[in-house]
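Novice: here is the input, now give the coordinates:
(2 chains)
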Amino acid sequence: MLQRAEILGVRDFYRDYFAVAVLIGAALLMVGAMLGAGRLIRPVRPQAEKYVTYEAGSDPVAGWGQSNARYYIYALLFLIFDVEAVFIFPWAVGLEGLGTFGVVEMTVFIVLLALGLVYAWRKGVLRWA
Amino acid sequence: MFALDIGWGTTLAIKTIVILMIIPAGALILGYVFLLKVMSHMQSRLGPMDPGGFHGWYQLIGDGIKFLQKEDVMPTKADKRVFAAAPAVVVLSTFLVFAVIPMGPDLVVKDLDIGVFYALAVSSLSVIGVLMAGWASANKFALLGALRAAAQLIAYELPLLLAVVGVVIQAGSMSLQDIVLQQQNGEIFGWDFIGNPFILTQFIGFGLFLVASQAELTQTPFDMPVAESELVAGYMVEYTGFRFLFFFIGEFGTAFGFSALAATLFLGGWSIPGVDGDWANILGPGVLFAKLMIVAFLMFWVRFTYPRLREDQLQALAWKFLIPIGLINILLTGVFKVAF
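Specialist: Residues are numbered from 1 along each chain as shown, chains lettered A, B, ... in the order given. Predicted coordinates:
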């Protein structure tokens, strides 16, 4: 059986995020209302040329442009450090209680991850060749 | 003084409506003060002076109405539904940030326990909107711009997070309200006249936060995703009328949000020394606004003075300087926290 205080706590938790949900709904409503108002006012004069893909004035060349595959390396590196951040935040909140042990522990963790960054750096993946 | 007894549902509704008004208003204020006026004066020109009002501020109203009555052009090749939804996602992420920013002891939509973390998480949702816009436009410039934006936003997400961790360590809490109170009631070396604004101890974090938010906002010198001279406008190139305006609101609204966040985390938010209780509720929004305008001025000052970096320089700056500095800052803060 849950205690009354626990039930209230859970209810507050859901209320907090219910507020977020309300804000999402309100934002979407506002976007819709503004677009709706625009629809009432704006002119519609369809011409085939208007709907051609913009390529600086000349006729668009078929197919896709090139994009640099190097971006995926950054995505991988990002993943490592982003997950690290998820671990660091709870540690940062509880550091007062953890004391010296906490600092040493996190130093080891960060150094290990930093080694990964150093490895990537030495491998030259951070250089844009 | 304000012993109003209204239910939480009504309170929530009022707060939501206020937030809905704050964001476009904030975007307009920043757009007018900085983009039209400060930028012009820094570059030795007047900007719009003629439309009427003080220094021609009616220009903004004219711009708004102009966007409202623009034809909505959607290229035939575009992925219609994604194309239409992308600006909404960008605006949504801007709105959600404001849910946790406190403007006074009681003036906050919801003071979530994980406030800062939540704010940074929802602010990065805009990457999805940008990618959607770039991909759905079926335009080479747009796709390039979106890929650049995605790489840039994720690279600078990390310094932003790491800069904030220092503050969280000092405050021992992720709730923004707690962080403000810690700064108001704190002391530094036994001297508590002005409390302890975290900028005094977290100046490295503050610098990191400013640089990283500059990049998150894709402002010059980090504006390659929208570089108008090479990619015309990047992911926004196919957008017209109000959908284009949503990207604008998203950009300046987020600038407003990040300035407010920086002011809250490092400059003490709504608190000023010697003001408590109801007076803090009354003066709080004004104080926060003053502080955020100072931060915003710094951001826009850099925007108007520096040339654009190259794409590889941008990535190198994040990975080789900002992230290592951020990690070192965290460890130093941790050591100091435990030592004192």
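
Novice: let me see the contact set for B:Glu238.
Specialist: The neighbourhood of B:Glu238, defined by Cβ atoms under 8 Å, 6 or more residues apart in numbering or on different chains, consists of A:Thr53, A:Tyr54, B:Val73, B:Met74, B:Pro75, B:Ala78, B:Phe83, B:Ser137, B:Asn139, B:Ala142. To be clear about C-beta, it is placed using only N, CA and C from the backbone, and glycine gets the same treatment.

Novice: count the residues that sit near the residue nearest to A:Phe18 when sequence neighbours are not counted.
Specialist: Closest residue in space to A:Phe18, ignoring its immediate chain neighbours: B:Leu12 at 7.9 Å, by Cβ to Cβ, 6 or more residues apart in numbering or on different chains. Neighbour count of B:Leu12, defined by other Cβ atoms under 10 Å in any protein chain shown: 17.

Novice: tell me the contacts of B:Leu12?
Specialist: Residues counted as contacts of B:Leu12 (Cβ under 8 Å, 6+ apart) are A:Phe18, A:Ala19, A:Val22, B:Val109.

Novice: three-state assignment of it?
Specialist: Under the three-state scheme (DSSP: H, G, I helix; E, B strand; the rest coil), B:Leu12 adopts helix.

Novice: so A:Met27 makes contact with B:Ser93?
Specialist: Quick fix: residue A:27 reads Ala, not Met. No - the pair A:Ala27 and B:Ser93 does not pass the contact test of Cβ atoms under 8 Å, sitting 9.2 Å apart.

Novice: tell me the secondary structure at B:Leu200.
Specialist: Here B:Leu200 is coil, with the state taken from three-state DSSP.

Novice: phi, psi for it please.
Specialist: phi -70, psi -40 (degrees, to the nearest 10).

Novice: so what pLDDT did it get?
Specialist: On pLDDT, B:Leu200 comes in at 75.

Novice: how many neighbours does it have?
Specialist: 15.

Novice: is it possible to mark the buried ones in the contacts of B:Leu12?
Specialist: Buried residues within the contacts of B:Leu12, defined by neighbour count using 16 or more other Cβ atoms under 10 Å in any protein chain shown: A:Ala19, A:Val22, B:Val109.

Novice: among those, name the ones in helices.
Specialist: A:Ala19, A:Val22 (DSSP state H).

Novice: now render the buried ones among the contacts of B:Leu12 as JSON lines, adding pLDDT and distance to B:Phe203.
Specialist: Written out in JSON lines, the entries for the buried ones among the contacts of B:Leu12 read as follows (pLDDT from 0 to 100; distance: Cβ to Cβ, whole Å):
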{"residue": "A:Ala19", "pLDDT": "80", "distance to B:Phe203": "34"}
{"residue": "A:Val22", "pLDDT": "83", "distance to B:Phe203": "37"}
{"residue": "B:Val109", "pLDDT": "77", "distance to B:Phe203": "30"}
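
Novice: now tabulate the buried ones among the contacts of B:Leu12 in CSV and tack on distance to B:Ser126.
Specialist: Converted to CSV, these look like this (distance: Cβ to Cβ, whole Å):
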residue, distance to B:Ser126
A:Ala19, 21
A:Val22, 20
B:Val109, 19
